[in-house]
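After the sequence you'll find the predicted model.
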Amino acid sequence: MSLQPHSSSWITDIPCRTAILETTGKILVAAKNGEWDLLISLEKECKHLTDLLKEKKPEPNLSDELLQEKIEIIHQILEDDAKIRAITKPWMIRLQEILCANGYTRDLQQTYQSFENI
């Protein structure tokens, strides 16, 4: 059986979490390489998978082995997420500074232009 990531019928709890883990791994690589467009695309894919996971009911009575696998996958996802945030947070702060500086520049230009028109 072929897994179709855009079909909610195939996804059970653990395979869906595994798909999310694979995607967060790709996001981490994209963040490390500064591939922001790819990162955004992968984040959308990850959100789609997360939405599919939310639609699923938890699998009842997982064996101890499957429960441990599920816990490990969740921990790996959280570790990747922390690494991604550590990479992207400084970039986001810098981007915000640039955008704010551009806004201040625009405000100053508009202010001085209005004085020139007097």
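Perfect, I can see it now. Remember, it's a predicted structure, so these values are computed and weren't measured experimentally.

Look at residue 87 and tell me its secondary structure.
The local conformation at residue 87, judged by DSSP: H, G, I helix; E, B strand; the rest coil, is helix.

and the closest residue to it other than its chain neighbours, what is it in contact with?
Of all residues not flanking residue 87 in the chain, residue 31 sits nearest, at 4.2 Å (Cβ to Cβ, 6 or more residues apart in numbering). (Glycine included, C-beta is placed from N, CA and C.) Residue 31 makes contact with 39, 83, 84, 87, 88, according to Cβ atoms under 8 Å, 6 or more residues apart in numbering.

Among these, give me the pair with the biggest separation.
Maximum pairwise distance among these (Cβ to Cβ): 12.7 Å, between 39 and 83.

Can you tell me the element the most centrally placed residue in the chain falls in?
Closest to where the C-alpha atoms of the chain average out (Cα atoms, centre = their mean) is residue 43, at 3.8 Å. In the assignment (DSSP states H and E), residue 43 maps to helix 36-55.

again with residue 62
Taking DSSP H and E as the definition, one finds residue 62 inside no helix or strand.

list the contacts for it?
Here residue 62 is in contact with residue 70 (criterion: Cβ under 8 Å, 6+ apart).
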